[in-house]
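Undergrad: have a look; sequence and predicted model below, questions after that.
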Amino acid sequence: MKYKHLFFDLDGTLWDIHRNAEITLQSMWKQFDCDPNLWEGFYKAYLHHNHRVWAMYRQGTMTKEELRTARFSRSMDDVGMNYSMELMEQFAAAFVDQCPRQPHLIPGALELLNHLSGKYIMHIITNGFKEVQGIKMEGSGLSPFFVHNINSEDVGVRKPNPEIFNYAFELAGTRADESLMIGDDWEADIIGAKNIGMDQVYLKLNNQRHNVHPTFTITSLIELKEIL
């Protein structure tokens, strides 16, 4: 067996961040008495801005605190919504509190992990906020499957920086050539692992095209059973 250690991304690979965020934001829209006519426009804008601010956070051009509010303030600005800074702080805090408690996983996640359990040593490697990743894993039933939950905030750098992968190898007592990275983020997971000499599984859940070929590409988590 070539691989001994499997490193999974969390958000969007195992924990269904898109479904969980949409459910949370819909609930919060009512909680904060926001105009229901602006919901669809806001959520569309949120998908755009959230992707952009996380890219900036990875690159070090936006801080964690700026990200917390920017994804919402920019989306509300796009739909012409009036809000105070106090409301924005409350909205951002409510999201960080409520969203991680949503339990929804990417289809096939638990079936796959049960299949792999005992055959491989499994770890999480994530750029997500440290204070909420454990809540997500506990609430969705993921925690028992993983030996280490490696967070970029503990390392001081974010995927795709090679330092976080080297940190993960040292912590797990393994090497790149006996490890496999599984993730849905092209830059953070696939390019990051490729640059460190680690095989990759790209969970392709949209129609993005890239000019670099990952070691493996799957369109559902269950397909990983065939690879492993």
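TA: Cool, the structure landed. Please read these numbers as outputs of a predicted model, since none were measured by experiment. Numbering: from 1, shown residues only.
Undergrad: give me the mean pLDDT for the longest helix along the chain.
TA: Using DSSP state H, we find that the single longest helix of the chain is helix 39-59. Computed over helix 39-59, the mean pLDDT rounds to 95.
Undergrad: which elements pack onto the very next helix or strand once past that helix?
TA: The helix or strand immediately downstream of helix 39-59 is helix 64-78, counting by DSSP states H and E. Applying 3 or more Cβ pairs under 8 Å, 6 or more residues apart in numbering; DSSP states H and E, we find helix 64-78 packed against helix 39-59, helix 85-98. Yep, even glycine has a C-beta here, placed from its N, CA and C like the rest.
Undergrad: show me the contact partners of the first one.
TA: In other words, helix 39-59. Applying Cβ atoms under 8 Å, 6 or more residues apart in numbering, the contact partners of helix 39-59 are 21-22, 25-26, 29, 34, 62-64, 66-67, 70-72, 74-76, 78-79, 81, 127, 158-160, 187-188.
Undergrad: put the buried members of these into a ChimeraX selection.
TA: Buried subset of the contacts of helix 39-59, written as a ChimeraX selection, criterion 16 or more other Cβ atoms under 10 Å:
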select :21,22,25,29,34,62,67,70,71,72,74,75,76,78,79,81,127,158,159,160,188
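Undergrad: just the element for Met181, please.
TA: strand 179-183.
Undergrad: for that strand, packing partners?
TA: Applying 3+ Cβ pairs under 8 Å, 6+ apart, one finds that strand 179-183 makes contact with strand 5-8, helix 162-172, helix 192-195, strand 199-203.
Undergrad: want to throw the ones you listed into JSON lines with mean neighbour count?
TA: JSON lines is the format used below for the helices and strands packed on strand 179-183 (neighbours: other Cβ atoms under 10 Å):
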{"stretch": "strand 5-8", "mean neighbour count": "25"}
{"stretch": "helix 162-172", "mean neighbour count": "18"}
{"stretch": "helix 192-195", "mean neighbour count": "21"}
{"stretch": "strand 199-203", "mean neighbour count": "23"}
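Undergrad: thank you, goodbye.
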